[in-house]
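J.: have a look at this prediction, sequence included:
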Amino acid sequence: MKWVTGKKGSLKRRLLKTGAILVAVFGTTTLILIVAGAPPLTAFYYLLSGSIGTWLKVAQVLTGWIPLTLCACGLVYSFRIGLWNIGVEGQVV
């Protein structure tokens, strides 16, 4: 159970931190939408329905998300060993 109480803190603390980050992100986004004059709930509805509204949209999101995630994994590895790789676009191709 090392993953529950590792060096970074307990699972409860990490979940609270993640929750606080999500609240901050949605709060900031809502504030920006209000300043821009857009209704926040309608904007969040269109964001969700535009990305996961149908199975075709889910497939399109996954088609773009999977290559970016693989590139991010490659970057994490190179950053971890102390190297910088700027050519992510080339990795996608």
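T.: Received, thanks.

J.: which phi and psi values does Ser10 adopt?
T.: With angles defined as degrees, to the nearest 10, Ser10 sits at phi -80, psi 170.

J.: same thing with the one 10 residues further on?
T.: As for Ala20, its main-chain torsions (degrees, to the nearest 10) stand at phi -60, psi -40.

J.: can you count the residues close to it?
T.: Residue crowding around Ala20 was assessed by other Cβ atoms under 10 Å; the count is 10. Placement of C-beta: from N, CA and C, glycine included.

J.: same question for Ala43.
T.: Counted by other Cβ under 10 Å, the residues lying close to Ala43 total 16.

J.: what about it, which helix or strand?
T.: helix 40-52 (DSSP states H and E).

J.: helices and strands around the next helix or strand after that helix, which ones?
T.: Downstream of helix 40-52, the next assigned helix or strand under DSSP H and E is helix 55-80. For helix 55-80, the packing partners by 3 or more Cβ pairs under 8 Å, 6 or more residues apart in numbering; DSSP states H and E come out as helix 40-52, helix 88-92.

J.: quick one: distance of stretch 12-28 to the chain centre.
T.: Relative to the chain's own centre, stretch 12-28 is displaced by 13 Å; criterion: Cα atoms, centre = their mean, to the nearest Å.

J.: CA atoms only for that stretch, dumped as PDB, please.
T.: Taking Å, rounded to 0.1, in the frame of the first residue of the first chain, the C-alpha atoms of stretch 12-28 are listed here in PDB:
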ATOM      1  CA  LYS A  12      -7.000  11.800   1.200                       C
ATOM      2  CA  ARG A  13      -4.600  14.800   1.000                       C
ATOM      3  CA  ARG A  14      -4.000  14.100  -2.700                       C
ATOM      4  CA  LEU A  15      -7.800  13.900  -3.400                       C
ATOM      5  CA  LEU A  16      -8.400  17.100  -1.600                       C
ATOM      6  CA  LYS A  17      -5.600  18.800  -3.500                       C
ATOM      7  CA  THR A  18      -7.000  17.500  -6.800                       C
ATOM      8  CA  GLY A  19     -10.500  18.700  -5.800                       C
ATOM      9  CA  ALA A  20      -9.200  22.200  -4.900                       C
ATOM     10  CA  ILE A  21      -7.400  22.400  -8.300                       C
ATOM     11  CA  LEU A  22     -10.600  21.400 -10.200                       C
ATOM     12  CA  VAL A  23     -12.600  24.000  -8.200                       C
ATOM     13  CA  ALA A  24     -10.000  26.700  -9.000                       C
ATOM     14  CA  VAL A  25     -10.000  25.800 -12.700                       C
ATOM     15  CA  PHE A  26     -13.800  25.800 -13.000                       C
ATOM     16  CA  GLY A  27     -14.000  29.000 -10.900                       C
ATOM     17  CA  THR A  28     -11.400  30.800 -13.100                       C
END
